[in-house]
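Peer 1: below are the sequence and a predicted model for it; my questions follow.
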Amino acid sequence: KIVKKYGYTHLSAGDLLREERNSGSKLAEMINTYIAEGKIVPAEVTVGLLLKAMDAASTKKFLVDGFPRNMENLQCWEKDVSQFVNIKFLLFLECPEDIMLKRLLKRGETSGRNDDNVESIKKRFKTYRDSTMPIINHFRNMGKVREIDSTRSEEEVFADVSKLFE
Ligand code: C5P
Ligand code: MG
């Protein structure tokens, strides 16, 4: 919705990793194991994929989705990318784990993802709590976080998201 309405290029770290895994490259098996275990792939890999996608993009307005997810992600970004970009804000779509679990299991009915199952989801939640929340707090201390209550309907959430982009 953001891409369509505001002309951003969507860079999903997870999508880029899944694409790299599906290409059958020498990194494929390693990436697949990390994803199934809900662990964060070594940052050099993810940042390399992000930079490649940024180079290839025709617009230079990026929606970076699912990144940075841990301190290593953030440090690698600061080393290799941050000098080239101007970060507007971090969009934090807040949703409690019980609701998220239901949504992910629903998505798992059609997503074909090997991590949309209860066991992987629980591991992803733990990784999020332990490794990603400190990153959110880092951006919060810089006044960069915009938080949206995402327990509501898609339309309600997007109405609030739109206000941030207007
Ligand atoms: O964001 P998404 O749900 O698509 O991420 C799926 C998985 O991809 C994560 O659980 C993690 O294993 C991997 N990932 C990662 N580093 C990121 C984003 C995703 O390792 N920055
Ligand atoms: Mg995603």
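Peer 2: Looks like it came in fine. Ligands and ions are numbered 1, 2, ... in the order given.

Peer 1: now stretch 14-31: average pLDDT?
Peer 2: Averaging pLDDT along stretch 14-31 yields 97.

Peer 1: quick one: is that stretch near ligand 1?
Peer 2: Yes. On the criterion C-beta under 6 Å from any ligand atom, stretch 14-31 is in touch with ligand 1 at 14, 17. (Glycine included, C-beta is placed from N, CA and C.)

Peer 1: measure that stretch end to end?
Peer 2: Stretch 14-31 stretches 10 Å from its first residue to its last (C-alpha to C-alpha, to the nearest Å).

Peer 1: local confidence estimate at L11?
Peer 2: So L11 comes in at 98 (pLDDT).

Peer 1: now the residue nearest to the spatial centre of the chain: phi and psi?
Peer 2: Centroid-nearest residue in the chain: G66, 0.7 Å away (criterion: C-alpha atoms, centre = their mean). Backbone torsions for G66, taken as degrees, to the nearest 10, come to phi 80, psi 30.

Peer 1: surely it and L16 touch.
Peer 2: No. Taking contacts as C-beta atoms under 8 Å, G66 lies outside contact range of L16: 9.2 Å.

Peer 1: picking that back up, grab the nearest non-local neighbour of the residue nearest to the centre of the chain.
Peer 2: A13 (4.4 Å; C-beta to C-beta, 6 or more residues apart in numbering).

Peer 1: quick check: the one you found touching V64?
Peer 2: Yes. Using C-beta under 8 Å, A13 makes contact with V64 at a distance of 7.4 Å.

Peer 1: between the two, which contacts overlap?
Peer 2: L50 (C-beta atoms under 8 Å, 6 or more residues apart in numbering).

Peer 1: just the helices in the protein please.
Peer 2: All helices of the chain, identified by DSSP state H, fall at 2-6, 13-22, 28-37, 43-56, 71-80, 97-111, 118-127, 133-141, 154-165.

Peer 1: for D80, see how far away the residue nearest to the centre of the chain is.
Peer 2: Distance of G66 to D80, given as C-beta to C-beta, to the nearest Å: 18 Å.

Peer 1: surely L11 meets K52?
Peer 2: No. In this structure, L11 is not within contact of K52 by C-beta under 8 Å, at 10.1 Å.

Peer 1: how many other residues sit next to R103?
Peer 2: 12 (other C-beta atoms under 10 Å).
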